[in-house]
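Have a look at this prediction, sequence included:
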Amino acid sequence: MKRASQRCRAAALPLPAGFAIFFCALFFPVAVRAQFAAPDAGTTRSLSGQFVVTGPARYSALSRLPELATNADFVRLEPALLSVTAERVKVALRRELGIEPDAPWRGKIFCVLHPAAALDEDVLIISQPFVNDWNYRVEFPDILPQPRFLRALTGVLLLEMANRDAKPGGHSAEIPAWLADGLSQQLLAAGPRGIILSTPAKMVNGLPQTRTVAGERDWDAVAGARRVLREQPALTFEELSWPTDTQLNGEDGGAYRASAQIFVNGLLALKDGPEHLRVMLAALPGCYNWQTAFHAAFQEDFPRPLDVEKWWALQVVNFAARDPGSVWTPAASREKLDGILTVQVEMRAASNALPTHAEVSLQTIIRSFDKSRQTFVLRVKLRDLQLAQLRMSPQLAAITDGYRRVLAAYLGDRVGVAPGYHYGKQLLLPAKPDMEETVKKLDLLDSRRRVAESSVKPDVLVLP
């Protein structure tokens, strides 16, 4: 089922007390229905209470397709996990926009799942004025592509932020496609690992095995976009402003999503960029097009409309010419080393319990994991340290080598030096260190690393 609508559509219906309901689809592809349907099954509320999730009476027959069980490009939704994912996306989005994680919210978001009829089914988003606030309904198929799912969640959260001070029954905000796509791609690339939870695809030893949808976080938040735009040119500002159906559906090879991420990434890097995006969101309900709100919010950076086009053209040229090279920047080295030295763990207290998600240190792995599991994890980390050491900046190269040597010694490896001979006698390697000695050495390296990282400044994109 291909998407039928790409633009904002509104319909007014009579309500008691003289209100009118205005249904406004976001600027990215959705369709619109006339009323809120009654829930099919029980409801799940998220931790903050902002998200109310209703599950289907039955799940899509598509979920039985064997190729979907291992395909991380698709998300399998169910109420409890969706409520957790929605809260994670909200926190990650607020971090990108410089908003406190526990800042208050205004509008409730009702997420309704239904059996997917096709793998490319629409996501429906409805805005409804209600007394003093706006509420929102998002109708998700229970199986859908990962980018479309995250774009819908990002879009409705942006809509809720924008409409907080809008009068119910008035003009709802129009979220530009580049903002929803750009921020959702940014969250996939730079957000926390495991941001999307997917329904278990199979059982292992009587327990559901949950697939956590998360790409490998690269030191370069736009590495994915860089790969896409090596094969095709970035879009112009006009093309970003008025995307086609093909671009919005991702059928252009990902050029639109990649260009939108670079555009948003560049705006966030501007002085007070996150604040200007928040100002733009707040101004959207009072404008009949997002361009007016955008130019008012970014007046300091782009005094004339033509200035943003010139800036974007320079961004594209600089992006295409910028080669990360063989050595990472200090900031990139810090980010990469931090990622290597933490381990993602996910645990369930019972078969029907939600997974708890955390990052633990190598010391915790050594102290808490059994020998076979800790050996597997530490071998992977040792390999990552060996590969990363060659590209580390000088400030962190020696420390990276220190971690590599400590892990190699604990695992019983010869730390880069084979036993030699001296005056006809074989030189013996030192004894393998025990657990407590290894943990102490890792603690000492952590202290040295924190000192070295404290002097590292964030990367700044310099325009030619």
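Alright, I've got the coordinates.

Roughly how far does Pro145 sit from Arg76?
Between Pro145 and Arg76 the computed distance is 12 Å (Cβ to Cβ, to the nearest Å). All C-beta atoms are positioned from the backbone trio N, CA, C, and that covers glycine.

Tell me which residues touch Gln395, please.
By Cβ atoms under 8 Å, 6 or more residues apart in numbering, the contact set of Gln395 is Pro330, Ser333, Ala452, Ser455, Val456.

tell me the pLDDT at Val460?
Note on Val460: pLDDT of 48.

now the stretch 51-200 of the chain, which segments are flagged as low pLDDT?
Where the stretch 51-200 of the chain drops to pLDDT under 70, the residues are 69-70, 191-194, 199-200.

residues of stretch 150-161 that come out buried?
Under the neighbour-count criterion of 16 or more other Cβ atoms under 10 Å, stretch 150-161 has Leu150, Arg151, Ala152, Leu153, Thr154, Gly155, Val156, Leu157, Leu158, Leu159, Glu160, Met161 buried.

oh, I was asking about stretch 362-369
Leu362, Gln363, Thr364, Ile365, Ile366, Phe369.

in what helix or strand does the spatially closest residue to the last one that is not a sequence neighbour lie?
Once flanking residues are discounted, Phe369 sits nearest to Val377: 6.8 Å by Cβ to Cβ, 6 or more residues apart in numbering. In the assignment (DSSP states H and E), Val377 maps to helix 371-389.

How about the following helix or strand past that helix, which residues are buried there?
Heading C-terminal from helix 371-389, the first helix or strand you meet, by DSSP H and E, is helix 394-410. Neighbour counts over helix 394-410 (16+ other Cβ under 10 Å) mark 396-397, 399-410 as buried.

Among Pro145 and Arg76, which residue is more densely surrounded?
Arg76 (24 against 17; other Cβ atoms under 10 Å).

Can I get whichever strand or helix holds Arg257 in CSV, CA atoms only?
Here Arg257, judged by DSSP H and E, is contained in helix 255-269. This file holds the C-alpha atoms of helix 255-269, laid out as CSV (Å, rounded to 0.1, in the frame of the first residue of the first chain):
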residue,chain,number,x,y,z
ALA,A,255,19.6,10.8,-0.6
TYR,A,256,16.8,12.9,1.0
ARG,A,257,17.2,11.4,4.5
ALA,A,258,21.0,11.8,4.3
SER,A,259,20.8,15.4,3.1
ALA,A,260,18.2,16.2,5.8
GLN,A,261,20.5,14.8,8.5
ILE,A,262,23.4,16.9,7.2
PHE,A,263,21.2,20.0,7.1
VAL,A,264,19.9,19.5,10.6
ASN,A,265,23.4,18.6,11.9
GLY,A,266,24.7,21.8,10.5
LEU,A,267,21.9,23.9,12.1
LEU,A,268,22.6,22.3,15.5
ALA,A,269,26.3,23.1,15.2
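
contacting residues around stretch 90-104?
Residues contacting stretch 90-104 (Cβ under 8 Å, 6+ apart): 48, 50, 154, 157-158, 161, 183, 186-187, 190-192, 195, 268, 274-275, 277-278.

can you check stretch 367-374 too?
Against stretch 367-374 from outside (Cβ under 8 Å, 6+ apart): Val360, Ile365, Ile366, Val377, Met435, Val439.

Can you lay out those as a markdown table showing distance to Ile99 and secondary structure?
Formatted as a markdown table, those follow (distance: Cβ to Cβ, whole Å; DSSP: H, G, I helix; E, B strand; the rest coil):
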| residue | distance to Ile99 | secondary structure |
| --- | --- | --- |
| Val360 | 28 | strand |
| Ile365 | 34 | helix |
| Ile366 | 37 | helix |
| Val377 | 35 | helix |
| Met435 | 42 | helix |
| Val439 | 38 | helix |
